[in-house]
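Colleague: Structure of the sequence below:
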Amino acid sequence: MHDGVFFEDRGLPTATVISTEFARAARAQGEALGATEYRTVAVAHPIQPLTRDEVRALADTAFDDIVARLTRAPGRPGRREP
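Modeller: Residues are numbered from 1 along each chain as shown. Next up is the predicted model:
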């Protein structure tokens, strides 16, 4: 979250990928960083026990969201205005 908000603040689109288990923590960190509108890309939890092929399939499900986050217009979409 910190890295994503850091780069977003500098006009660089990011795609922070998390597992669904960490969605609430990611929102809380975004709020603490003043980036209440910062959006993550969430994939199913857990990841650790998955095989390589299962991880590839999981990545495939997130691919379009990741590309959309990285190719949107530059700016500071994650940061609320002071």
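
Colleague: mind listing the helices for this structure?
Modeller: 2-9, 23-32, 52-70 (DSSP state H).

Colleague: Just say which of those helices is most tucked in.
Modeller: helix 2-9 (a mean of 16; mean count of other C-beta atoms under 10 Å). All C-beta spots, glycine's among them, are computed from the backbone N, C-alpha and C.

Colleague: orientation of it relative to helix 23-32 in degrees?
Modeller: Per axes from the mean of the first three to the mean of the last three C-alpha atoms, to 10 degrees, the angle that helix 2-9 makes with helix 23-32 is 50 degrees.

Colleague: Could I get the average pLDDT for helix 2-9?
Modeller: Over the span of helix 2-9, the pLDDT mean works out to 91.

Colleague: Just the C-alphas of that helix, formatted as CSV.
Modeller: This file holds the C-alpha atoms of helix 2-9, laid out as CSV (Å, rounded to 0.1, in the frame of the first residue of the first chain):
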residue,chain,number,x,y,z
HIS,A,2,2.7,2.5,0.9
ASP,A,3,4.6,1.9,-2.3
GLY,A,4,1.4,2.1,-4.4
VAL,A,5,0.3,5.4,-2.8
PHE,A,6,3.8,6.8,-3.1
PHE,A,7,3.9,6.2,-6.8
GLU,A,8,0.3,7.3,-7.4
ASP,A,9,1.2,10.6,-5.6
